[in-house]
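Chemist: Sequence first, then the predicted structure:
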Amino acid sequence: DGGITQSPKYLFRKEGQNVTLSCEQNLNHDAMYWYRQDPGQGLRLIYYSQIVNDFQKGDIAEGYSVSREKKESFPLTVTSAQKNPTAFYLCASSGRDRGPYNSPLHFGNGTRLTVT
Amino acid sequence: SQQGEEDPQALSIQEGENATMNCSYKTSINNLQWYRQNSGRGLVHLILIRSNEREKHSGRLRVTLDTSKKSSSLLITASRAADTASYFCATDAGGYQKVTFGTGTKLQVIP
């Protein structure tokens, strides 16, 4: 079955440590995204990547970094510079544009990060 | 920034009733999408409606779009307990695959 795999499901870290969240997709999608979700709120875009070796900042990129060395993989690093890192992190992907109408997003099941 | 705002924030209904959720947005869009999220899980795409469409159906789901009012509604007919989840609208205002989500409506269907 095609899909997006995020690991681990739960992650605990001490304040001041960097942590990397994994996201792998086998949907052959070009675009990948990282979103952050806080309790009772919608999703906010952290970074997105349209193609391998290219990525752009979203609305809340400060304190985060990404890489896109392979089409299938888009890991997110939460650095010690991120002031409120505890959140639910969601990775998504989508296929190439079809004219002006974009294809929907496919999501992983998220990683819940707790920093103490 | 969050372009879409859902209304109501929370909705509780009896099984078999219809559930209606509304979404308002601020700028012009190419399409509007509705997603569902079960507690602690990722989002699942339900339906996409393009800016030149006014209504779309998928099973028990009916979505309308009024671009003049910058609003959309999602109707779930004959609700089931399994429909209990949060529902989000998401707008695509153009650009390369960038989608902006609203704050969601939490639906509870009581058996």
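Modeler: Looks like it arrived, so ask away. Residues are numbered from 1 along each chain as shown, chains lettered A, B, ... in the order given.
Chemist: Not counting its neighbours along the chain, what's nearest the closest residue to chain B within chain A?
Modeler: Closest to chain B within chain A is A:F107: 3.5 Å, counting by CB to the nearest CB. Quick note: C-beta positions are derived from backbone N, CA and C, even for glycine. Counting by CB to CB, 6 or more residues apart in numbering or on different chains, the nearest residue to A:F107 once its immediate chain neighbours are dropped is B:G42, at 3.5 Å.
Chemist: pLDDT value on that neighbour, please?
Modeler: Looking at B:G42, its pLDDT stands at 95.
Chemist: what's near enough to touch the residue of chain A closest to chain B?
Modeler: Applying CB atoms under 8 Å, 6 or more residues apart in numbering or on different chains, one finds that A:F107 lies in contact with A:I4, A:L90, A:C91, A:A92, B:G42, B:L43, B:V44.
Chemist: again, 6 Å this time
Modeler: For A:F107, the contacting residues are A:L90, A:A92, B:G42, B:L43, by CB atoms under 6 Å, 6 or more residues apart in numbering or on different chains.
Chemist: phi, psi of B:D83?
Modeler: In terms of degrees, to the nearest 10, the main-chain angles of B:D83 are phi -80, psi -10.
Chemist: Against chain A, how distant is it?
Modeler: 19 Å (CB to the nearest CB, to the nearest Å).
Chemist: contacting residues for that residue?
Modeler: B:I76, B:V109.
Chemist: rerun at 7 Å
Modeler: By CB atoms under 7 Å, 6 or more residues apart in numbering or on different chains, the contact set of B:D83 is B:I76, B:L107, B:V109.
Chemist: my guess is the first one meets B:M21, correct?
Modeler: No: look at B:I76 against B:M21 with CB atoms under 7 Å: they stay out of range, at 8.1 Å.
Chemist: Spatially, what comes nearest to the residue most central in space within chain A if we skip its sequence neighbours?
Modeler: By CA atoms, centre = their mean, the mean C-alpha position of chain A lies nearest to A:W34, the distance being 2.4 Å. Among residues not flanking A:W34 along the chain, A:I46 sits closest, at 4.3 Å (CB to CB, 6+ apart).
Chemist: ok, the one you found to A:G108 distance?
Modeler: A:I46 sits 14 Å away from A:G108 when distances are taken as CB to CB, to the nearest Å.
Chemist: Count the neighbours of residue 28 for me.
Modeler: Using chain A here. Here the count is done by other CB atoms under 10 Å in any protein chain shown, and A:N28 has 11 residues near it.
Chemist: Chain B, not that one
Modeler: When neighbours are counted by other CB under 10 Å, B:S28 registers 11.
Chemist: Please enumerate the strands of chain B.
Modeler: Secondary structure of chain B (DSSP state E): strands located at B:5-7, B:10-14, B:19-24, B:31-37, B:43-50, B:55-58, B:61-66, B:71-76, B:85-92, B:99-101, B:105-110.
Chemist: Show the pLDDT at B:L46.
Modeler: Checking the pLDDT column for B:L46, the value is 96.
Chemist: residues in contact with it?
Modeler: B:L46 makes contact with B:W34, B:Y35, B:R36, B:L61, according to CB under 7 Å, 6+ apart.
Chemist: If you rank the residues you listed by neighbours, which is first?
Modeler: Tallying neighbours with other CB under 10 Å puts B:W34 at the head of these, with 28 neighbours.
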